[in-house]
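**Q** here is a sequence together with a model predicted from it:
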Amino acid sequence: MRLIHSSDLQIGKVFIYFEPEVAALLQDARQAAVRTLGDLAIKHGASTVLLAGDIYEKQQLSPQTLAKPIEGMRQFPRIAWHLMPGNHDHVRENGLWDRLARASFPENVQLHTKPGAVKIMDDNGTPVFLLPAPLPHIANVDDLTSYMDKEATSEGAIRIGMAHGSIQGFGSDGEASNFVDPARAETAGLAYLAMGDWHRQLKISDRVWYAGTPEPDMFKRPPGSSGTLCNGGSALLVDIAGARAVPTVLPVEVGRYRWHQVVKTFTEDSQIDLLEAELRALELDLSRVVLDLQLTGTLSLAGRKKLEERIIHGIGAAVCGMRSQDAGLVLEPTEADMDDIDRAGFVRVAADRLKAMADDSSNPARARLASLALRRLYIEHLRQAAAS
């Protein structure tokens, strides 16, 4: 059989560190991931989509937000969608899944809130069983996949597990301590174990994979990565030829936006030009970029002004959204900077005093404030000079 494996859509997520209009775009992209997954299933001839937990970000969401992804799945009647609760949207009495069930699911959408083998199809006469391990709580002490070892299915059946949590011994990107034995696929005779919770795509073994989130949602680069691209943005296309055949697993791109984290340390103003060129080369379509810019080092006042104009405002207008962090960026005004403010008189005296305060490391809070005031004085002076 052929299936699409995804997880951690986390619909309803709030992006508080972006402007409301940017946050709205990112929220809409998470909703749209359902349609993209359906389109990919049709394109690649997959009959099934597995969503291994955390379809929703939290329990308390509006009826419209809850219904939208289900309605999106309804638009693909030839695709069977199998949903399982994770730690963010775990099973609880009168929780979100009860609310959705009262509205009824489309025939092509099946929710798995209890453990146990469920026959989901016959593949040319070979029965296919799904063995889900839904989460009844945010954090569970026991390995909820352990039942799979003794769960009976018909002879020669293809057994597919679905779980949400942390594989023991592989570190964790998740928030809950829902540990899963990395050997579960072998001990339970699974052809494939579809994992959710970690937002990066990761191969644990030939039969055990994390699909990762289909739409990135955090600035976290893969361990050991030398690039700027962060985790998430794809799903897995899985081919299973038989009950014990090793599956073929292929990553497929899903994400509308691509999240990048760029760290830059300045030692001279001329590096601003190099940074601008680097950022403009991140993607062919910069409107798809969500950028985390971490700046440290030293710049002159003129360099800081250039940074604001070329990077913060220029690049900031080209990308979908940008978060800049410059607490580690120190201003080192040159003599030319100071002369630009004033060569003599009370304004120059004020500028010199601010510079001395900014250079005083014995009072970091006052130094930071003086640096900001000096920068403001420089910009206001140039603005007035240009106006006159």
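**A** Thanks, I have the structure now.
**Q** any regions of the stretch 51-200 of the chain where pLDDT drops low?
**A** 169-177 (pLDDT under 70).
**Q** 50 - rerun?
**A** 174-176 (pLDDT under 50).
**Q** and the helices in it?
**A** 63-74, 96-103, 184-187 (DSSP state H, counting those that start in this stretch).
**Q** so which of these is the most packed in?
**A** helix 184-187 (a mean of 19; mean count of other C-beta atoms under 10 Å). Using the backbone N, CA and C atoms, a C-beta is placed for each residue, glycine as well.
**Q** using JSON lines, lay out the helices of the stretch 51-200 of the chain together with distance to Val252.
**A** Formatted as JSON lines, the helices of the stretch 51-200 of the chain follow (distance: least, C-beta to C-beta, whole Å):
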{"stretch": "helix 63-74", "distance to Val252": "18"}
{"stretch": "helix 96-103", "distance to Val252": "27"}
{"stretch": "helix 184-187", "distance to Val252": "22"}
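**Q** figure out which of those is closest to Ile138.
**A** helix 96-103 (13.6 Å; C-beta to C-beta).
**Q** quick one: contacts of that closest one?
**A** 56, 59, 61, 63, 66-67, 70, 85, 89, 91, 111, 113 (C-beta atoms under 8 Å, 6 or more residues apart in numbering).
**Q** coming back round to it: of the helices of the stretch 51-200 of the chain, which approaches Ala318 most closely?
**A** Short answer: helix 63-74, nearest of these by C-beta to C-beta, at 29.7 Å.
**Q** angle of the closest one against helix 96-103?
**A** Between helix 63-74 and helix 96-103, the angle comes out at 70 degrees (axes from the mean of the first three to the mean of the last three C-alpha atoms, to 10 degrees).
**Q** helices or strands up against helix 63-74?
**A** helix 20-44, helix 96-103, strand 109-111 (3 or more C-beta pairs under 8 Å, 6 or more residues apart in numbering; DSSP states H and E).
**Q** any chance of the contacts of helix 96-103 in TSV, plus distance to Leu354?
**A** TSV is the format used below for the contacts of helix 96-103 (distance: C-beta to C-beta, whole Å):
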residue	distance to Leu354
Tyr56	51
Gln59	51
Leu61	49
Pro63	55
Leu66	54
Ala67	57
Ile70	59
Pro85	57
Asp89	53
Val91	60
Leu111	63
Thr113	63
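**Q** let me know the closest of these to Tyr378.
**A** Leu61 (47.5 Å).
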